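Asks: my questions are about this predicted structure, shown below with the sequence.
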Amino acid sequence: MSDTPILDDAVVAQTVEQLRDCFRSGKTRPLDWRIEQLKALCRMLDEHEHDFAAALRADLGKPQAESKLTEIGFVKGEINDTLKHLKKWLKPKRAGMPLSLQPASGKLVYEPLGTVLIIAPWNYPLMLVLSPLVGALACGNTALLKPSELSPHVAAMVSELLPQYVDAQAVKVLEADAEGTAKILAQRFDHIFYTGGAAVAKKVMAAAAPHLTPVTLELGGKSPTWVDGSVDLKHVAQRLAWAKFLNAGQTCVAPDYVLTTDDVAEHLIPELISAVEALYSEAPCSSADYGRIINQRHTQRIAALLDDASPAQIVLGGEFDIDERYIAPTIIDRVTADMKLMGEEIFGPLLPIVRIADLNAAIDYINSQPKPLALYAFTDDKEQRTQLTEQTSSGALGFNLALAHLSAHELPFGGVGMSGQGRYMGKYSIDTFSHLKPVISKPLWPNTMKLIAPPYNRITDLVVKYFVEK
Ligand code: NAD
C-alpha cells in the first residue's frame, strides 16, 4: 500500500470551497437528490462487496462474514431504514402557538447545515465513515470524508469508489495523516463529526473553536460489564465472548472488563474459556474467523498491557506475535485496579476479570471512572437492574446483551461525558446533521402586538397577567 498522500493547504482549501459552492447551488436540497445519493451508496456496497471485504481483510484480517455483518450489511441496513422513513422524518412539524401570539402559526423545518466534515477511525473503517455520511446526505449536506490512514486499503477504496457512485461535487474524500488532518481542520465547516480517541477529540474541538463549529464526538473508553449469579453463566459467557473478541477486541463498545463476585467468577471463567474455544477453536491463530490487530504498534501496546499480569492470572491465551499482528483471545483473572490493564481502554482481545464484593462496590468503581460509552450487566434481578439504571451514567446500558445495541435503528448511538457528545443513527442522524429551524407566521391584522408595545398601560398589565404568565 502506498503511503498516505501529503496534503497541500491549497488543495484542502479548494476542496472545501467546491463543496461550499455545491451546497450554495441548492442541488443537494431536493428530497429526490438525497434519495438518489443514498441508493447510489447502497449500489456501491452491493457491486463492490467483495472488494470492500478484501480491503477489510487486508487492513484488519476481518473475516468476510464479519465484514458483511458489522460493516457492509450494517451500512446497507442503515441506508434502507433511512430510505424507508426519510420523507416522514423530514416533514415539517407543526408547533402550537401561545395565546399571547394568536392568531399565528408555527412549524419546525429541518434545514441542512451546509458542508460537514466526517473524520473516521480505523477499527470499523468502512462503517464509521459511511454511516455518518448516510445522515449527512439524508439531510441535504455536502460532505468531506477523512478516512483513517491506519486502514489504508479501505481508505483507498472509499476514495476511489465513492465519486463513481455519489455526486462527486457534493461528496469528496481526502486521505490524510495527523498532519494533513490538522490542515483540513483549519478550514471552516458547518459541522464536524469525529469518531476516535479522546486525545485527538480535544484537538478537533480546539480546531473547531475559532470558527464556533459545532462538533459531534463519538469516542470510546472502558466499557464495564457486571455479571451476577442470577443468570445462566453458559449463555452469559457465549454473549460476552462474542462481543469481546469480535474484530479482535477493537470495538469501541466491546466489554472492556468484567466485574463480578468471587463465586460467580469461579463458574464464569470455565464457561468463558469454552465459549472462546467454541468460537475460534483451541488454536485461534489458525481460525479463519478471528481477526488481527490493525498494526504492529497497537499489537505491541496491547501485549504490553499484560506486563504486570502473572502467568497464573492468565487463564486463557496470552500468546502474541507482533509481526503477524496476532494476539490470542486472552482472559486474565484477579485483575486489580492498579494494573496496566485497568489504566486505559484495552481496545484489543484481553478480558480482565475484576473480582469485587458486590453490586454496590461495582457501582462505586464504575462511578469512580469516566462515564463509559456502554455499560453491560448480565442479571435478571429486577432490583439490580433498577439500581444500575438509576445510579450509573453511560452512553448506553445493555442488560444481558453487549455490543449489539448498535444495530437497533430506533436507538441513538453516542457517549456521555468523556465517552463523547452528540448522537446519531437513524432519526438521530437527522437531528445531528440538520438545523431544526422554527418558522413562525402571524397576520399583520388584527394587530395584537400593539397590546404589548409602548406606551405601556393597564391593558399591557392585563395581557401579561392573563396571556403571558398563564
Ligand atoms: P485516533 O484518535 O487515533 O484517530 C481517529 C482519526 O483522527 C483518524 O482519522 C486520524 O487520522 C485522525 N487523527 C489522528 N491524529 C490526529 C491529529 N493529531 N490531528 C487531527 N486528526 C488526527 O483514534 P483511533 O485510534 O483511530 O480510534 C480509537 C478510538 O476510537 C478508541 O478510543 C475507540 O473507542 C474510539 N472509537 C469510538 C467509536 C464510536 O463510535 N464511539 C467507534 C470507533 C472507535
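Replies: Nice, I can see it.
Asks: for residue 256, what are its contacts?
Replies: Residues touching residue 256, when contacts are defined by Cβ atoms under 8 Å, 6 or more residues apart in numbering, comprise 221-225, 345-346, 352, 372. Every residue, glycine included, has its C-beta placed from N, CA and C.
Asks: if you set the cut-off to 6 Å instead, what comes out?
Replies: For residue 256, the contact set (Cβ atoms under 6 Å, 6 or more residues apart in numbering) comprises 222-223, 346.
Asks: same thing with residue 328?
Replies: Residue 328 touches 284, 317, 319, counting by Cβ under 6 Å, 6+ apart.
Asks: out of those residues, which end up buried?
Replies: Neighbour-count burial (16 or more other Cβ atoms under 10 Å) applied to the contacts of residue 328 gives 284, 317.
Asks: circling back: neighbour-wise, which of the contacts of residue 256 leads?
Replies: Among these, the one with the most neighbours (other Cβ atoms under 10 Å) is residue 223, at 27 neighbours.
Asks: now that residue: how far from residue 33?
Replies: Using Cβ to Cβ, to the nearest Å, one obtains 39 Å as the distance from residue 223 to residue 33.
Asks: now residue 204
Replies: The spacing between residue 204 and residue 33, counted by Cβ to Cβ, is 29 Å.
Asks: could you list the low-pLDDT ranges of this structure?
Replies: The model of the chain has pLDDT under 70 over residues 1-2.
Asks: what residues does it have near the ligand?
Replies: Proximity of the chain to the ligand is confined to 119-123, 128, 146, 148-149, 178, 181-182, 195-197, 200, 203, 218-220, 252, 345, 347, 373, 420 under the rule Cβ under 6 Å from any ligand atom.
Asks: restricted to strands, list those.
Replies: The strands in this structure, assigned by DSSP state E, contain 119, 146, 195, 218, 420 from those.
Asks: bridged to the last one, which residues?
Replies: In this structure, residue 420 has beta-bridge partners residue 218, where bridges are defined by DSSP bridges.
Asks: circling back to that earlier point, ok, residue 204 and residue 33, which is more surrounded?
Replies: When neighbours are counted by other Cβ under 10 Å, residue 204 comes out ahead of the other of residue 204 and residue 33, with 22 against 16.
Asks: need the residues that contact stretch 27-46.
Replies: Against stretch 27-46 from outside (Cβ under 6 Å, 6+ apart): 72, 76, 79, 83, 137-138, 140, 142, 161, 165-166, 170.
Asks: these into JSON lines, with extra columns for neighbour count?
Replies: Supplementary listing: the contacts of stretch 27-46 in JSON lines, determined by neighbours: other Cβ atoms under 10 Å:
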{"residue": "72", "neighbour count": "22"}
{"residue": "76", "neighbour count": "18"}
{"residue": "79", "neighbour count": "24"}
{"residue": "83", "neighbour count": "16"}
{"residue": "137", "neighbour count": "30"}
{"residue": "138", "neighbour count": "29"}
{"residue": "140", "neighbour count": "25"}
{"residue": "142", "neighbour count": "28"}
{"residue": "161", "neighbour count": "17"}
{"residue": "165", "neighbour count": "18"}
{"residue": "166", "neighbour count": "21"}
{"residue": "170", "neighbour count": "22"}
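Asks: can you list the residues you listed in TSV and add secondary structure?
Replies: As requested, the contacts of stretch 27-46 are arranged in TSV below (DSSP: H, G, I helix; E, B strand; the rest coil):
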residue	secondary structure
72	helix
76	helix
79	helix
83	helix
137	helix
138	helix
140	coil
142	strand
161	helix
165	helix
166	coil
170	coil
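Asks: which of the residues you listed sits closest to the ligand?
Replies: Of all the contacts of stretch 27-46, the one sitting nearest the ligand is residue 72; the distance, using Cβ to the nearest ligand atom, is 16.7 Å.
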